[in-house]
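Colleague: Provided below for reference: sequence and predicted model.
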Amino acid sequence: MSSSNSSLKAKILAGTAWTSVGVVSEKVIGIVTIAFLARLLEPKDFGTVAICSMLTGIVSTFTDIGFQSAIIQRKDNVNKAASTAHSITIIMSFLNFGLLFLLANPLSTFYGDRAIENIARVLSLNLVIGSFTRVHNFLFSRELQFGKKAVCETVPNVIYGFVAIPFAYFGFGVWSIVYGELAKTTTRTLLLFALSRWKLSFKIDPKIARELINYGKHVMFNNVLTFGAGNVDNAVVGKYMGLASLSFYKIAYNAAALPGDVLYQIIGRVIVPAFAKVQDDLGALTRQYYRVLEYASYIVLPVFCGLFILAPEFINMLYGPKWQPAVVLFRALLLFGFANVLMMFSNCLVLSTGRPSLLPKMTLTRLILVAVLLFTLLRINLLALCVGVSLLQVLLFFVQALYLRRHYHIPVRIHFEAMLSPAIFSLAMIASLLGSVGLLEGLHLNSITSLFVKVSIGASVYLSFMLFFKWEMIQRLFLTRQELGR
């Protein structure tokens with residue numbers, strides 16, 4: 001193996017490690033911060049900020065016009081391209097800030113909350129502040145400098161907590177979240193300036209600008225669709241069910257999506273190149289895909305099953321008693337969370353084999369179907385919508401499985417085969433948890449201690465089944481990990 005290939009492999013492995021540290025740290029810090037804020041603020045406050053963030057988020061997708069992918073893949077005139085993208089991004093951020101300033105008033109009128117107007121206008125400052133180093137962040141990814149990138153993502157989240165929690169404690173209400181967001185964006189911008197070696201100029205090369213826009217517009221289109229599919233429910237729930245109901249829905253939705261999101265961000269960057277290496281060998285590709293599904297199922301299936309049983313204690317521990325209305329919504333959305341994990345891995349397979357055109361089609365399909373669900377099931381209640389969202393994600397997963405059968409000759413049945421043993425072990429775990437309920441009630445333990453004991457019982461039962469029936473698979477998993485490290 002040449003020294004250049006060895007160096008690249010070392011950078012990729014180091015990047016994966018740093019990305020894992022950054023993702024886990026960011027999620028843990030976020031959970032801890034929200035746990036404090038959920039006890040200090042009213043549920044409606046989170047709904048108010050969610051509406052404002054939705055507006056700034058949709059506008060921000062137009063700020064860099066998909067420049068990240070265009071910068072990362074570019075082979076020549078990188079500095080000129082980066083400076084051109086930097087200049088366009090700053091100009092677009094100021095234009096979008098002006099647009100948001102004008103839209104804030106009608107948005108507050110639409111949702112019947114005057115606080116939205118001022119909050120949306122202040123949060124829109126983040127677009128301007130962040131635009132000065134947005135391209136610097138892209139260049140970190142291009143140069144595989146994931147250590148610096150992780151620092152620039154983790155530290156701002158810590159600062160957010162240090163700012164938002166004290167402000168909430170001293171009675172600033174919803175504005176404590178706003179001040180925390182501003183502090184986070186400002187910190188990230190300063191860190192990117194301090195750690196980057198790129199001195200980008202404010203110059204626009206017309207030829208390069210056209211090239212960047214032509215490449216990035218397709219990415220931007222998919223980003224807009226993705227954002228729309230992920231937020232159309234928030235927009236409609238906030239309007240027709242109220243901002244407090246939106247808060248319960250978002251807490252439940254985010255909690256259900258969290259395990260899959262963490263798992264995907266950690267190993268997704270590894271399995272894409274792994275699939276790519278065997279993309280011309282359909283037999284090997286099928287075996288790789290099956291193993292990924294199998295390993296992931298052994299991790300996430302017991303987690304989702306355990307969360308379903310322990311949902312009341314879990315929500316109470318994280319967010320406090322006032323968030324108990326989110327429990328039933330959380331349970332209804334756990335099936336969505338699991339199906340979403342499975343879809344993420346099939347997405348990785350599609351991306352690794354050079355057929356990304358499926359993804360925007362699936363995103364657009366989900367956007368349309370979610371809109372249909374919103375205007376049908378929401379007429380019943382919010383729980384009906386959550387059940388519909390879960391069933392829709394399962395349906396989309398099966399559609400994607402049929403696509404894999406048609407284009408990659410991957411049988412649909414292997415999805416069930418990969419999940420069979422994890423499902424049996426998880427059922428045994430659920431039985432042990434249900435059996436321990438009466439015993440623990442007699443001991444009169446507090447909620448946190450009770451949760452810890454139940455988790456310990458469930459984990460012990462599940463791991464016992466794993467060690468007894470799947471010891472060879474565990475050994476194979478460690479051997480695979482050692483091979484990746486060589």
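Modeller: Nice, I can see it. Just so it is clear, the structure is predicted and the values come from calculations on it, not from any experiment. Residues are numbered from 1 along each chain as shown.
Colleague: And stretch 107-125, how far out from the chain middle?
Modeller: 25 Å (CA atoms, centre = their mean, to the nearest Å).
Colleague: So for that stretch, what gets flagged as buried?
Modeller: Buried residues in stretch 107-125, counting neighbours by 16 or more other CB atoms under 10 Å, are found at 107-108, 111, 113, 115-117, 119-125. Bear in mind the C-beta positions are built from the backbone N, C-alpha and C, glycine included.
Colleague: and which of the residues you listed is nearest to L293?
Modeller: L123 (39.5 Å; CB to CB).
Colleague: distance of the closest one from V135?
Modeller: 22 Å (CB to CB, to the nearest Å).
Colleague: How about M317?
Modeller: For M317, the distance to V135 - CB to CB - is 41 Å.
Colleague: Between the two, which is the more surrounded one?
Modeller: V135 (27 against 15; other CB atoms under 10 Å).
Colleague: Tell me how far that one lies from F275.
Modeller: Distance from V135 to F275, by CB to CB: 29 Å.
Colleague: Please apply the same query to V437.
Modeller: Relative to F275, and taking CB to CB, V437 is found at 43 Å.
Colleague: which of these two has more neighbours?
Modeller: F275 (21 against 11).
Colleague: buried ones in stretch 324-333?
Modeller: Neighbour-count burial for stretch 324-333 [16+ other CB under 10 Å]: P325, A326, V327, V328, L329, F330, R331, A332, L333.
Colleague: domain assignment for the protein?
Modeller: Using automatic domain parsing, the domain parsing of the chain gives 1-240, 243-486.
Colleague: okay if I get those as a markdown table plus mean pLDDT?
Modeller: Formatted as a markdown table, those follow (pLDDT from 0 to 100):
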| stretch | mean pLDDT |
| --- | --- |
| domain 1-240 | 81 |
| domain 243-486 | 81 |
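Colleague: Distance check, G388 against L369.
Modeller: Following CB to CB, the distance that separates G388 from L369 is 9 Å.
Colleague: who's more crowded, the two?
Modeller: G388 (21 against 17).
Colleague: Not counting stretch 106-120 itself, show me its contacts.
Modeller: 48-49, 51-52, 55-56, 100, 103-105, 174-175, 178, 238-239, 243 (CB atoms under 8 Å, 6 or more residues apart in numbering).
Colleague: Restricting to C-alpha, output that stretch in PDB.
Modeller: Extracted as PDB, the C-alpha positions of stretch 106-120 are listed here (Å, rounded to 0.1, in the frame of the first residue of the first chain):
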ATOM      1  CA  PRO A 106     -47.200  38.000   9.100                       C
ATOM      2  CA  LEU A 107     -45.700  34.800  10.700                       C
ATOM      3  CA  SER A 108     -46.700  36.000  14.200                       C
ATOM      4  CA  THR A 109     -50.100  37.000  12.900                       C
ATOM      5  CA  PHE A 110     -50.600  33.600  11.300                       C
ATOM      6  CA  TYR A 111     -49.800  31.800  14.600                       C
ATOM      7  CA  GLY A 112     -51.500  34.300  16.900                       C
ATOM      8  CA  ASP A 113     -48.400  35.000  19.000                       C
ATOM      9  CA  ARG A 114     -46.900  38.400  18.900                       C
ATOM     10  CA  ALA A 115     -43.700  37.200  20.500                       C
ATOM     11  CA  ILE A 116     -42.900  35.300  17.300                       C
ATOM     12  CA  GLU A 117     -42.200  38.600  15.400                       C
ATOM     13  CA  ASN A 118     -39.400  39.800  17.600                       C
ATOM     14  CA  ILE A 119     -37.900  36.400  18.300                       C
ATOM     15  CA  ALA A 120     -37.800  35.500  14.500                       C
END
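Colleague: tally of neighbours for Y462?
Modeller: 23.
Colleague: Also the one 4 residues further on?
Modeller: Here the neighbour count serves as a burial measure; for M466 (other CB under 10 Å) it reads 17.
Colleague: That one reaches I424, doesn't it?
Modeller: No. At 11.2 Å, M466 does not count as touching I424 under the criterion of CB atoms under 8 Å.
Colleague: so how far is whichever strand or helix holds M54 off the chain centroid?
Modeller: According to DSSP states H and E, M54 maps onto helix 43-60. What separates the centre of helix 43-60 from the centre of its chain is 16 Å, taken as CA atoms, centre = their mean.
Colleague: What is it packed up against?
Modeller: helix 78-111, helix 115-123, helix 125-131, helix 175-195, helix 206-240, helix 243-277 (3 or more CB pairs under 8 Å, 6 or more residues apart in numbering; DSSP states H and E).
Colleague: helices or strands up against the helix or strand following the third one?
Modeller: In this case it means helix 125-131. Beyond helix 125-131 on the C-terminal side, the first helix or strand identified by DSSP H and E is helix 134-142. Judged by 3+ CB pairs under 8 Å, 6+ apart, the packing partners of helix 134-142 are helix 67-73, helix 78-111, helix 146-169, helix 175-195.
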